[in-house]
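Enquirer: Compute the structure for the input listed below.
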Amino acid sequence: MEIFVGIFMAVGFVYYDESRIRKEKKALEELNIEQYQCTSFFNKIFHWLIALLIFTAFCIYIGFKESNTILISISIALFISGLSLTRYAYHSMRLYHNDSRCIIEGKAVQYKNIKSIRKKSFLPFSKGEVILYSGEKKYVYHPAIEIINQYLNNK
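Expert: You can find the predicted model right below:
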């Protein structure tokens, strides 16, 4: 029974990640992204994702070896979630940018509208905060902060 709970949880994780991918793709389709350069940051976290998958596969093995259905259930959910997260990261950990603007959260943001930018954490999947002069806050992955800062410093 516990294994079905783990699979059910995993299906929820997959559905959530797939809906986020569809939403981001739709937002990008509405923008003319051909005029932007695309920089992917997937390679910066790929080793963390592989480590997560190896760890959860090891936990599944231990669960079967010790006949621990709760460990198997949780590990299956985490393994499938890790696969789904890997797919999501491959599609979403990108920054579309050119000399005058970048795309953040599906919207074009001009560099002249950026008041400040800061890192909030040093964890691999964390995001930094971009504060616009309007007071609006947007969030980007840490490697994108470096690229945006280069454009801001060249103003």
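Enquirer: going forward, measure contacts between C-alpha atoms and count neighbours the same way
Expert: Fine.
Enquirer: Quick check: longest helix in the protein by residues?
Expert: As assigned by DSSP state H, the longest helix anywhere in the chain is helix 2-30.
Enquirer: right, and the helix or strand after that one?
Expert: strand 37-40 (DSSP states H and E).
Enquirer: hmm, back to that, buried residues in the longest helix of the chain?
Expert: Within helix 2-30, the residues that count as buried by 16 or more other C-alpha atoms under 10 Å are 3, 6-7, 9-11, 13-14, 17-18, 21, 28.
Enquirer: Off-centre distance for that helix?
Expert: Put simply, helix 2-30 sits 12 Å off its chain's centre (C-alpha atoms, centre = their mean, to the nearest Å).
Enquirer: One more: stretch 43-58?
Expert: In terms of C-alpha atoms, centre = their mean, the centre of stretch 43-58 is set 14 Å apart from its chain centre.
Enquirer: Return the alpha-carbon coordinates of that stretch using CSV.
Expert: What follows is stretch 43-58, C-alpha atoms only, in CSV (Å, rounded to 0.1, in the frame of the first residue of the first chain):
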residue,chain,number,x,y,z
ASN,A,43,25.2,22.1,-16.6
LYS,A,44,25.8,24.0,-13.3
ILE,A,45,23.4,21.8,-11.3
PHE,A,46,23.5,18.6,-13.3
HIS,A,47,25.9,16.9,-10.9
TRP,A,48,23.6,17.7,-8.0
LEU,A,49,20.7,16.1,-9.8
ILE,A,50,22.7,13.0,-10.6
ALA,A,51,23.8,12.8,-6.9
LEU,A,52,20.1,13.0,-5.9
LEU,A,53,19.1,10.2,-8.4
ILE,A,54,22.0,7.9,-7.2
PHE,A,55,21.1,8.5,-3.6
THR,A,56,17.5,7.7,-4.1
ALA,A,57,18.3,4.6,-6.2
PHE,A,58,20.6,3.5,-3.3
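Enquirer: quick check: mean pLDDT across stretch 129-137?
Expert: On average, the pLDDT along stretch 129-137 is 92.
Enquirer: can you start the count at 561 instead of 1 from here on
Expert: Happy to do that; since the first residue is 561 now, the last one works out to stretch 689-697.
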